[in-house]
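J.: Sequence first, predicted model second:
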Amino acid sequence: MELILASASPRRKELLEQLGLTFEIIPAQGEEIIRSTKPDRVVQDLALQKAQEVAAGILNRYYIGEKELNRETMILGADTVVATADTILGKPADEREAEGMLMTLQGRTHQVYTGVCAITIFQKDRKPQDARIINFSEKTDVTLFPMTQKEIRDYIRTGDPLDKAGAYGIQGIFAKHIEKIDGDYNNVVGLPIGRLWQMCLRKEEGSKYQM
Ligand SMILES: Cc1cn([C@H]2C[C@H](O)[C@@H](COP(=O)(O)OP(=O)(O)OP(=O)(O)O)O2)c(=O)[nH]c1=O
């Protein structure tokens, strides 16, 4: 099977490499269109949009004779947001927005949702024959210790928050502000690799999520 990661996120690349998989990276570049107010729906839909864009590009390259198709080609898209009871937080636009996000999140529990979409194109007689789409989202609860404004500003000054949903990265220096998490840690970093493996990549009989 050929595996393609439709993401520019270095964290997702690392997490997928952790599974010992070989894959190519083709990031989706299209505009992300938000069509829901529910965070689990938003991430599922954005993951689908990313995987669809890259799958369409692959089929296009096949039709113009630039690419041969493997027996199976799986394209993986993902999207992560942070959510409180009434807001969905993506990546902050600037330091001011990052400060606002961290002020909201400190000292309480919030949810991190990652949506995953795996599109598999099946080839027969050298032609695309069929496709399968698996699309799901995973939630992790994260509780932060209370933070002072100075702690928030010091963290923002590291430059770490700007490319991360909710303006923090659980995997770096911000770890000292995490009180507890309930759910999959890797889901917070950007890819729920356990569930991804069980639902999309594991081939053996008896897999809990065999499709
Ligand atoms: C909450 C949190 C998010 N993140 C990251 C994961 C994602 O890379 C990013 C959310 O942005 P996304 O839009 O999900 O992904 P991306 O723009 O990095 O990559 P692409 O769209 O090409 O797939 O935030 C962390 O690294 N650590 C964290 O603790």
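T.: Yep, it's here.
J.: Next, the residue lying farthest from the centre of the chain: phi, psi?
T.: For the chain, the residue at maximal distance from the C-alpha centroid (C-alpha atoms, centre = their mean) is Asp125, at 33.4 Å. Main-chain dihedrals, Asp125, degrees, to the nearest 10: phi 50, psi 40.
J.: And it, how far from Tyr62?
T.: 13 Å (C-beta to C-beta, to the nearest Å). All C-beta spots, glycine's among them, are computed from the backbone N, C-alpha and C.
J.: for Leu21, same thing?
T.: Note on Leu21: its distance to Tyr62, by C-beta to C-beta, is 22 Å.
J.: Who has more neighbours out of those two?
T.: Remark: of Leu21 and Tyr62, Tyr62 carries more neighbours, 18 against 14, as counted by other C-beta atoms under 10 Å.
J.: my guess is that one meets Glu68, correct?
T.: Yes: between Tyr62 and Glu68 there is a contact at 7.5 Å, judged by C-beta atoms under 8 Å.
J.: Just confirm yes or no for the lengthiest strand in the chain near the ligand.
T.: In the chain, taking DSSP state E as the definition, the longest strand is strand 127-144. No: Strand 127-144 lies apart from the ligand when judged by C-beta under 6 Å from any ligand atom; the minimum separation is 7.7 Å.
J.: so what's the residue nearest to Leu69 when sequence neighbours are not counted bridging to?
T.: The shortest distance from Leu69 to any non-neighbouring residue, by C-beta to C-beta, 6 or more residues apart in numbering, is to Gln123 (4.1 Å). Assessed by DSSP bridges, Gln123 has beta-bridge partners Pro128.
J.: give me the number of residues near Gln123?
T.: 17.
J.: from memory it sits against Lys67, does it?
T.: No: the pair Gln123 and Lys67 does not pass the contact test of C-beta under 8 Å, sitting 11.0 Å apart.
J.: Could I get the full set of strands for the protein?
T.: Counting by DSSP E, the strands of the chain are 2-5, 24-25, 72-83, 88-89, 109-124, 127-144, 178-182.
J.: Could you identify which of these is most buried?
T.: Per residue and on average, the most neighbours among these fall to strand 72-83, with a mean of 24 (mean count of other C-beta atoms under 10 Å).
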